[in-house]
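[1] just coords:
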């Protein structure tokens, strides 16, 4: 469940930020193919990269994983 939400939300966040996969890759010092794999769920980023992506897109890690908190 979280894996699919993460990939979808990651792509949505990048598109909302109006960034290309290459721009994200350059910012994170990784390859564009890694960004593509993150967005399709073929590869899972490590915890540090998840934090960097959330910071880059100005979203929470909870949002990236599709975790909705209710009170």
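    Looks like it came in fine. Everything numeric in this text was worked out from a predicted model, so none of it was measured.

[2] How far does the helix or strand of the chain with the lowest mean pLDDT sit from its chain's centre?
    In the chain, no helix or strand scores lower on mean pLDDT, DSSP states H and E than helix 2-16, which sits at a mean of 91. Here the centre of helix 2-16 is set off from its chain's centre by 6 Å, with Cα atoms, centre = their mean, to the nearest Å.

[3] could you say what helices and strands that helix packs with?
    Judged by 3 or more Cβ pairs under 8 Å, 6 or more residues apart in numbering; DSSP states H and E, helix 2-16 is in contact with helix 32-40, helix 47-57, helix 61-65. In this view, the C-beta of every residue, glycine as well, is placed from N, C-alpha and C.

[4] Quick check: what element follows that helix along the chain?
    Under the assignment DSSP states H and E, the closest C-terminal helix or strand after helix 2-16 is helix 21-28.

[5] avg pLDDT for that following helix?
    Throughout helix 21-28, pLDDT has a mean value of 98.

[6] Report the buried residues of it.
    21, 24-25, 28 (16 or more other Cβ atoms under 10 Å).

[7] next one: stretch 3-12
    Going by neighbour count (16+ other Cβ under 10 Å), the buried part of stretch 3-12 is 5-7, 9-11.

[8] Now distance to residue 43 too, for the residues you listed, in JSON lines please.
    Below are the buried residues of stretch 3-12 laid out as JSON lines (distance: Cβ to Cβ, whole Å):
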{"residue": "5", "distance to residue 43": "16"}
{"residue": "6", "distance to residue 43": "11"}
{"residue": "7", "distance to residue 43": "10"}
{"residue": "9", "distance to residue 43": "16"}
{"residue": "10", "distance to residue 43": "11"}
{"residue": "11", "distance to residue 43": "13"}
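
[9] ok so, going back, closest one to residue 17 among the helices and strands packed on helix 2-16?
    Among the helices and strands packed on helix 2-16, the nearest to residue 17 by Cβ to Cβ is helix 47-57 (5.3 Å).
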